[in-house]
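A.B. asks: Sequence first, predicted coordinates after that:
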Amino acid sequence: MQARGTSMFPFIKDKDSITVQPFYGKQPCIGDIVAFERAGNNNLVIHRIVAKTGHGRYAVKGDNSKQIEICGYPGS
């Protein structure tokens, strides 16, 4: 898959080749990079976990972004 955008720059650059794979039952941790679908538009987003908010939800943001989003983790 090819990255689009600069929200994870400089770790992931626009048009970098990336691989997405499941956590296989392991819980994601702060600092992990995760893929999630943004609510309402089904776009796949790659961001870093910056905090656990409880009940299987995480605060995530791009390394080059100030905006924090909340996403859920299936199975949590």
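C.D. replies: Here it is on my side, so go on. On a predicted model such as this, the values are computed, not experimentally measured, just so you know.

A.B. asks: Now do the strands in this structure.
C.D. replies: 33-37, 44-54, 57-61, 69-72 (DSSP state E).

A.B. asks: Those: which one's closest to Met1?
C.D. replies: strand 44-54 (8.0 Å; Cβ to Cβ). In this view, the C-beta of every residue, glycine as well, is placed from N, C-alpha and C.

A.B. asks: Compare the strands of the chain and give me the one nearest Asp14.
C.D. replies: Asp14 lies closest to strand 44-54 among these, at 11.9 Å (Cβ to Cβ).

A.B. asks: Quick one: work out the angle between the closest one and strand 33-37.
C.D. replies: 100 degrees (axes from the mean of the first three to the mean of the last three Cα atoms, to 10 degrees).

A.B. asks: hmm, back to that, tell me which of the strands of the chain sits most buried.
C.D. replies: Greatest average neighbour count among the strands of the chain goes to strand 57-61 (a mean of 19), per mean count of other Cβ atoms under 10 Å.

A.B. asks: and that one, how far from the chain's centre?
C.D. replies: Taking Cα atoms, centre = their mean, to the nearest Å, one finds the center of strand 57-61 at 8 Å from the center of the full chain.
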